[in-house]
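Test case, fold it:
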Amino acid sequence: MQDHSIVFSIFLIFSGAALLATIALYLRQAMLIAYLVLGVLLGPWGLKLVTDPALIQDIAEIGIIFLLFLLGLNLSPQKLLHLLRETTMVTLFCTLAFSSAAGLLAWAFGYSLPDILLIGIACSFSSTIVGLKLLPTTVLHHKHTGEVIISVLLLQDLIAIVTMLVLQGIGKEGLPLLEIALLFVSLPAVCAVAWFGQKWVLLPLFRKFDRIQEYVFLLSIGWCLGIAQLSATLGLSYEIGAFIAGITIATSPLAVFIAESLKPLRDFFLVMFFFGLGANFDISAAPDVLLPAVILGVGLLLFKPLVFRYALVGQAESNKLAWETGIRLGQLSEFSLLIVFVAVSHQLISDQAATLIQIATIISFIFSAWYIVLKFPTPIALNDKLRRD
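Predicted coordinates:
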C-alpha cells in the first residue's frame with residue numbers, strides 16, 4: 001500500500017487508539033496495551049495502513065523527553081543527590097542479577113555467546129515510560145516509593161547509555177574509550193549550562209512575564225528542548241538533557257503550572273511511542289522464538305520483584321515498599337529495544353536474538369501494565385480505591 005501523509009497516519013493512530021482504549025478499559029486492561037496492539041494491527045506487519053513507523057517513533061521520542069522533563073520538575077537537586085546515593089548499590093546489584101538470569105536462559109536455549117551477552121544486557125533494565133506513566137502524581141511527588149523508583153530508573157538509563165556507546169565502538173572495531181571519557185565530561189557541562197542559564201536567563205524572564213501563561217508555556221518547551229538538544233550534541237541523550245532542564249526549575253513557583261500544562265502534550269507523543277513500538281513488531285518472525293520469549297518475559301516479571309525486594313530490604317526499606325517497587329519495575333525497557341537496534345545496525349546480534357528481545361519486551365509491557373493497574377494505585381485504574389491522579 002502506498003505511503004500516506006503524516007496527517008492521515010495521525011488520524012488512524014488516534015482514532016484507532018480511542019476505539020481500542022475504550023475496549024481495553026471495559027476489559028480492565030491498561031490503555032498502553034491498546035496502543036501496542038494498534039501498532040501491530042496498522043503497521044507494516046499488519047494491515048500496512050501506517051507504513052513508516054520509524055517516523056512515528058522519531059516523533060514519539062518527544063513524548064519521552066517531556067516525560068523526563070516533568071519528572072525533573074518534581075525533584076530538587078538536593079533530593080536527587082540524596083536518592084542516588086541511597087540506591088546506587090541496589091541498582092548495580094539488581095542490574096547484574098537480571099543480566100545474569102537472562103543470559104542463563106539464553107544459554108539454555110542454545111544462543112551464541114555474543115547473543116547471550118546482549119540478551120542479558122538488554123533484559124537488565126526497567127521501563128522508564130511504564131514505570132512513571134503508571135505512577136500516580138501523589139506518589140511521584142510526595143511518597144518515598146516514587147523517589148526510589150525514579151532514582152533506580154535514572155541510574156539504569158545512564159548504564160544503558162554507556163552500553164550503547166560501547167556497542168557503537170565495538171561496531172567500529174574499537175572500544176570508544178574517548179567517547180566514554182567525554183561522557184563524564186559532558187554531564188557536568190550540561191548541568192553547568194542549565195544551572196547558569198536558568199539563574200541568569202530563564203528565571204528572570206519567568207519573573208517578568210509570569211502573568212502571560214502562553215509565554216510561560218512556550219518558554220518552558222523551548223528550555224526543555226534546548227537543553228535536551230545540547231545534551232544530545234555532547235554525546236548524552238535527549239532524555240538526560242530534558243531531565244536536567246526540569247531539575248533546574250524545580251524550585252520555581254511556576255513548576256506546578258508548567259507540569260500541569262505539559263501533561264496533555266506528553267500524553268499525545270507517548271501514544272505515538274507505543275504505537276511505533278507495536279508497528280515495528282515483526283509478526284512473521286514470532287513463531288520461531290515465541291516459547292523462549294514467553295519464558296524470558298514472564299520469568300523476568302516474576303524474578304525482578306524478588307531481587308528488588310531482597311536488595312531494598314537489605315537497605316532498610318520496608319517490605320511493602322520493596323515489593324511495590326519490584327513489581328512496578330518488573331518489565332523490560334524501551335532501552336532494551338534501543339540496544340537491539342544498535343546491535344543489529346552493527347551486526348553484533350543475530351536476527352533471532354533481536355526478535356526474542358523485542359517479543360519479550362512487549363510481553364513484559366503488557367503483563368506488567370495489566371498487573372500494576374489491577375493491584376496498585378495508578379492514574380488509569382478502574383477501581384475507585386486505586387485511582388490516583
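
isn't Gly241 right next to Ser231, touching?
Yes - using Cβ atoms under 8 Å, Gly241 is in contact with Ser231, at 2.6 Å. The C-beta positions use only the backbone N, C-alpha and C, and glycine is treated the same way.

Pick out whichever of the two has more residues nearby.
Each of Gly241 and Ser231 has its neighbours counted (other Cβ atoms under 10 Å); Gly241 has more, 31 against 27.

Tell me who's in contact with that one.
In this structure, Gly241 makes contact with Val190, Ile227, Ala228, Gln229, Leu230, Ser231, Ala232, judged by Cβ atoms under 8 Å, 6 or more residues apart in numbering.

on that earlier part again, what's the overlap in contacts for Gly241 and Ser231?
Joint contacts of Gly241 and Ser231 (Cβ under 8 Å, 6+ apart) are Val190.

Enumerate the positions of the strand or helix carrying Leu203 that are buried.
Element membership of Leu203 [criterion: DSSP states H and E] is helix 203-209. Residues Leu203, Phe206 are the ones in helix 203-209 that count as buried (16 or more other Cβ atoms under 10 Å).

So what touches that helix?
Taking Cβ under 8 Å, 6+ apart as the rule, helix 203-209 contacts Tyr215, Val216, Leu219, Ile249, Ser252, Leu254.

what is the rounded mean pLDDT of stretch 105-118?
Average pLDDT, stretch 105-118: 93.

how about it: buried residues?
So for stretch 105-118, counting by 16+ other Cβ under 10 Å, buried means Leu105, Ala106, Phe109, Tyr111, Asp115, Ile116, Leu117, Leu118.

Over to the last one. Which of the three states is it?
So that's Leu118. helix (DSSP: H, G, I helix; E, B strand; the rest coil).

Verify the stated contact: Leu136 with Thr378.
Let me fix one detail, which is that residue 136 is Pro and not Leu. Yes - between Pro136 and Thr378 there is a contact under Cβ under 8 Å: 6.3 Å.

The two: which is more packed in?
Thr378 (23 against 20).

Excluding chain neighbours, what is closest to the more buried one?
The shortest distance from Thr378 to any non-neighbouring residue, by Cβ to Cβ, 6 or more residues apart in numbering, is to Leu134 (4.6 Å).

Ok, Phe125 next?
Nearest to Phe125 is Ser333, by Cβ to Cβ, 6+ apart, at 3.7 Å.

Ramachandran angles for the one you found?
Backbone torsions of Ser333, given as degrees, to the nearest 10, read phi -120, psi 160.

how many other residues sit next to it?
Using other Cβ under 10 Å, the number of residues around Ser333 comes to 26.

which residues touch it?
Contacts of Ser333 (Cβ under 8 Å, 6+ apart): Phe125, Ser126, Ser127, Thr128, Gln156, Ala160, Thr361.

Recalculate using a threshold of 6 Å.
Phe125, Ser126, Ser127 (Cβ atoms under 6 Å, 6 or more residues apart in numbering).

which one of those residues is nearest Glu86?
For the contacts of Ser333, the minimum distance to Glu86 (Cβ to Cβ) is 17.2 Å, reached by Ser126.

so His309 makes contact with Glu324?
For residue 309 the amino acid is Arg, not His. No - Arg309 is beyond contact range of Glu324, at 9.6 Å (criterion: Cβ atoms under 6 Å).

re the thing from before, could you report the distance from the residue nearest to Thr378 to Ile363?
According to Cβ to Cβ, to the nearest Å, Leu134 and Ile363 sit 17 Å apart.

how about the host helix or strand of Leu321: buried residues?
Using DSSP H and E, Leu321 sits in helix 319-328. The neighbour-count check on helix 319-328 (16+ other Cβ under 10 Å) flags Leu321, Ala322, Trp323, Glu324, Thr325, Gly326, Ile327, Arg328 as buried.

can I get the contacts of Gly241 in CSV with distance to Phe206?
Putting these into CSV (distance: Cβ to Cβ, whole Å) gives the following:
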residue, distance to Phe206
Val190, 21
Ile227, 15
Ala228, 19
Gln229, 21
Leu230, 20
Ser231, 22
Ala232, 25
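
Could you identify the buried members of those residues?
Buried among these by 16+ other Cβ under 10 Å: Val190, Ile227, Ala228, Leu230, Ser231, Ala232.

Of these, which is the nearest to Leu70?
Ala228 (12.9 Å).

re the thing from before, looking at it, the residue nearest to Thr378 is touching Tyr371, isn't it?
No - contact status for Leu134 versus Tyr371: not in contact, 10.2 Å apart, counting by Cβ under 6 Å.

So for these two, which residue has more residues nearby?
Leu134 (22 against 16).

Okay, that one and His144: tell me how far apart.
Using Cβ to Cβ, Leu134 is found at 17 Å from His144.

next one: phi and psi at Thr378?
Per degrees, to the nearest 10, the backbone of Thr378 is at phi -140, psi 160.

per-residue confidence at it?
80.

beta partners for it?
Arg387 (DSSP bridges).

in which helix or strand would I find the closest residue to Asp288 other than its chain neighbours?
Counting by Cβ to Cβ, 6+ apart, Gln352 is the residue found nearest to Asp288 once chain neighbours are left out, at 6.4 Å. For Gln352, the host element (DSSP H and E) is helix 351-375.
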